[in-house]
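S.K.: Sequence first, predicted model second:
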Amino acid sequence: MKIGILITGHPPEELAGNGRYDAYFKRLLGDDTFTYQTWSVVDGEMPQGVHDADGWLITGSRHGAYEPHPWIPPLEGFIRDCFAAKVPMIGVCFGHQIIAQAMGGKVEKYDKGWSVGHVEYDIEGQKMTINAWHQDQVTAKPDAAKTIGSSDFCAHAALLYDDIFWTIQPHPEYGHDFIEGLLRYRGKGIVPDDQIAKARARLELPLDSRKIADQMIAFFKKERA
């Protein structure tokens, strides 16, 4: 099965040593689990059509879904075309947000601030801890979506769209090393100091990234009519 990865942002320069964001997802899902092809949408690369891959994954980004970048409207159109053609898609963080926006939901800079580091979510009735790094979030879900995950901070942390799209706000692809780097190079002056301290104190706690990865793999491999 071929998965197309749509890159919508790049890691901070100080953390670029681990590769682009497509490399993070290949490591998460497994280099041998699927074949992969990458399009750097943030740099103006778009697939020719929705059937260029058997399934799609949209990465995170430092950009806001509501910002006026020239690559966002074509990406939204591509998302809607995938849904119409019933081509499976997964979105993570920005991917979660841009899919919701494209499908009629609302994404905003959340007035209660940031969620960073080790966070507990309820995902389909299971308690899971996953790394987060976001202020934007989906504040109103699309009519086509069902909320399947939430936290105390994020009401729509995971969404399912008719078994065609599966999206999640936190970052299963981020290990504690990457979060530590974000805290060091991007947090100061943006994220409140007490939140940074709390996130640093939780850097050694276990994560359920493997469970989320297994769910993502199963979603892509699921037989569909």
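M.R.: That came through fine. Residues are numbered from 1 along each chain as shown.

S.K.: And the pLDDT at the most centrally placed residue in the chain?
M.R.: For the chain, the residue nearest the mean C-alpha position is Val92 (1.0 Å; CA atoms, centre = their mean). Looking at Val92, its pLDDT reads 98.

S.K.: again, but for Ile190
M.R.: Note for Ile190: predicted pLDDT of 94.

S.K.: For it, which non-adjacent residue is spatially closest?
M.R.: Leaving aside its sequence neighbours, Ile190 sits nearest to Trp114 (CB to CB, 6 or more residues apart in numbering; 7.7 Å). Where C-beta positions appear, they are placed from N, C-alpha and C, glycine not excepted.

S.K.: Show me the helices in this protein, by range?
M.R.: Secondary structure of the chain by DSSP state H: the helices cover 21-29, 72-85, 94-102, 176-182, 193-201, 209-221.

S.K.: Let me have the ones you listed in JSON lines, extended by distance to Asp52 and mean neighbour count.
M.R.: Listed next are those as JSON lines, based on distance: least, CB to CB, whole Å; neighbours: other CB atoms under 10 Å:
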{"stretch": "helix 21-29", "distance to Asp52": "15", "mean neighbour count": "21"}
{"stretch": "helix 72-85", "distance to Asp52": "10", "mean neighbour count": "17"}
{"stretch": "helix 94-102", "distance to Asp52": "17", "mean neighbour count": "27"}
{"stretch": "helix 176-182", "distance to Asp52": "29", "mean neighbour count": "18"}
{"stretch": "helix 193-201", "distance to Asp52": "38", "mean neighbour count": "15"}
{"stretch": "helix 209-221", "distance to Asp52": "15", "mean neighbour count": "17"}
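
S.K.: Out of those, the one nearest Ser150 is which?
M.R.: Closest to Ser150 of the helices of the chain is helix 94-102 (CB to CB; 12.6 Å).

S.K.: can you tell which of the helices of the chain is closest to Asp122?
M.R.: Comparing those by CB to CB, helix 209-221 comes nearest, at 13.1 Å.

S.K.: tell me the mean pLDDT over that closest one?
M.R.: The model assigns helix 209-221 a mean pLDDT of 98.

S.K.: How many residues are close by the nearest residue to Met216 once chain neighbours are set aside?
M.R.: Distances taken as CB to CB, 6+ apart place Ile90 nearest to Met216, at 5.7 Å, with adjacent residues excluded. For Ile90, the count of nearby residues is 25 (other CB atoms under 10 Å).

S.K.: I'd guessed Ile90 sits against Phe219; true?
M.R.: Yes. Here Ile90 reaches Phe219: they are 6.6 Å apart, a contact under CB atoms under 8 Å.

S.K.: Common neighbours of the two, please.
M.R.: Residues touching both Ile90 and Phe219 by CB atoms under 8 Å, 6 or more residues apart in numbering: Trp166.

S.K.: hmm, back to that, redo the helices of the chain as JSON lines? Include distance to Met46.
M.R.: As requested, these are arranged in JSON lines below (distance: least, CB to CB, whole Å):
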{"stretch": "helix 21-29", "distance to Met46": "15"}
{"stretch": "helix 72-85", "distance to Met46": "6"}
{"stretch": "helix 94-102", "distance to Met46": "14"}
{"stretch": "helix 176-182", "distance to Met46": "27"}
{"stretch": "helix 193-201", "distance to Met46": "35"}
{"stretch": "helix 209-221", "distance to Met46": "21"}
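
S.K.: All set, thanks.
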